[in-house]
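K.L.:
Only the shape, not the letters, is given here:
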């Protein structure tokens with residue numbers, strides 16, 4: 001997917017597209033110094049990373065508070081912040097990735113909507129967010145384990161999962177009770193977006 005297709009697919013204003021263009025440049029620049037994304041995906045940043053993140057906007061309304069676990073290169077949390085979709089707390093345990101996220105936040109003028117924390121999500125004080133999200137951070141059961149105390153009652157858990165998503169759901173059902181919706185991914189026919197609510201430990 002190229003920039004024009006992304007712009008049309010998500011009906012994004014020109015100013016936001018310019019913001020994402022700068023994000024793409026920073027990602028390519030910093031990738032030379034650290035492993036933020038798979039090198040083979042740099043030729044399709046708008047599809048593999050931006051659209052993959054932005055598709056969450058079709059499932060969760062604007063204005064929520066978010067926790068992005070293992071934020072890495074900022075997907076999906078920093079893209080959602082760039083789209084003005086809510087207030088994001090992006091957590092990663094690797095300091096150099098947090099430096100990248102801070103650089104993107106500052107360059108894209110997102111200080112009011114994106115907070116970067118270098119730490120382990122399981123060691124943070126309870127955040128009380130509306131939504132927890134993650135992409136490629138950990139198996140579903142582990143994400144539930146980390147996120148459950150950070151999401152307010154009535155909140156939701158929205159995770160981007162690859163082709164093993166069904167196995168991860170089966171594993172999680174051995175440790176948690178939850179209501180689950182599965183949505184096909186725009187960017188990968190084998191992937192799913194998992195939306196869980198009413199999460200409780202067994």
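P.N.:
That came in fine, so what should we check first? These numbers were taken from a predicted model, which means no experiment stands behind them.

K.L.:
going forward, measure contacts between C-alpha atoms and count neighbours the same way
P.N.:
Will do.

K.L.:
Next, count neighbours for the nearest residue to residue 45 once chain neighbours are set aside.
P.N.:
Using Cα to Cα, 6 or more residues apart in numbering and skipping residues adjacent in sequence, the residue nearest residue 45 is residue 24, 6.8 Å away. The number of residues packed near residue 24 is 18, by other Cα atoms under 10 Å.

K.L.:
Spatially nearest residue to the residue most central in space within the chain, not counting backbone neighbours?
P.N.:
Closest to where the C-alpha atoms of the chain average out (Cα atoms, centre = their mean) is residue 76, at 2.5 Å. In this structure, residue 76 finds its nearest non-sequential neighbour in residue 53, 4.3 Å apart by Cα to Cα, 6+ apart.

K.L.:
helices and strands around the helix or strand containing that neighbour, which ones?
P.N.:
For residue 53, the enclosing helix or strand under DSSP states H and E is helix 52-54. Contacts defined by 3 or more Cα pairs under 8 Å, 6 or more residues apart in numbering; DSSP states H and E place helix 52-54 against helix 77-82.

K.L.:
where exactly do the strands run in the protein?
P.N.:
With strands called from DSSP state E, the chain shows them at 64-69, 86-92, 114-118, 129-135, 151-161, 176-184, 192-201.

K.L.:
In this protein, where's the longest helix?
P.N.:
helix 14-31 (DSSP state H).

K.L.:
hang on, the earlier thing: distance-wise, check the residue nearest to residue 45 relative to residue 123.
P.N.:
Distance, residue 24 to residue 123, using Cα to Cα, to the nearest Å: 31 Å.

K.L.:
Next: residue 173.
P.N.:
Residue 173 is 24 Å from residue 123, by Cα to Cα.

K.L.:
I'd like the strands of the chain laid out as a markdown table, including distance to residue 41, mean neighbour count and mean pLDDT.
P.N.:
Below are the strands of the chain laid out as a markdown table (distance: least, Cα to Cα, whole Å; neighbours: other Cα atoms under 10 Å; pLDDT from 0 to 100):
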| stretch | distance to residue 41 | mean neighbour count | mean pLDDT |
| --- | --- | --- | --- |
| strand 64-69 | 21 | 24 | 98 |
| strand 86-92 | 21 | 24 | 98 |
| strand 114-118 | 24 | 20 | 98 |
| strand 129-135 | 15 | 24 | 98 |
| strand 151-161 | 17 | 20 | 98 |
| strand 176-184 | 20 | 14 | 98 |
| strand 192-201 | 19 | 18 | 98 |
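
K.L.:
For residue 1, which of these is the nearest?
P.N.:
Taking Cα to Cα, strand 176-184 is the member of those nearest to residue 1, at 17.1 Å.

K.L.:
Adding distance to residue 7 as columns, could you present the strands of the chain in JSON lines?
P.N.:
Formatted as JSON lines, these follow (distance: least, Cα to Cα, whole Å):
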{"stretch": "strand 64-69", "distance to residue 7": "23"}
{"stretch": "strand 86-92", "distance to residue 7": "19"}
{"stretch": "strand 114-118", "distance to residue 7": "22"}
{"stretch": "strand 129-135", "distance to residue 7": "22"}
{"stretch": "strand 151-161", "distance to residue 7": "21"}
{"stretch": "strand 176-184", "distance to residue 7": "20"}
{"stretch": "strand 192-201", "distance to residue 7": "21"}
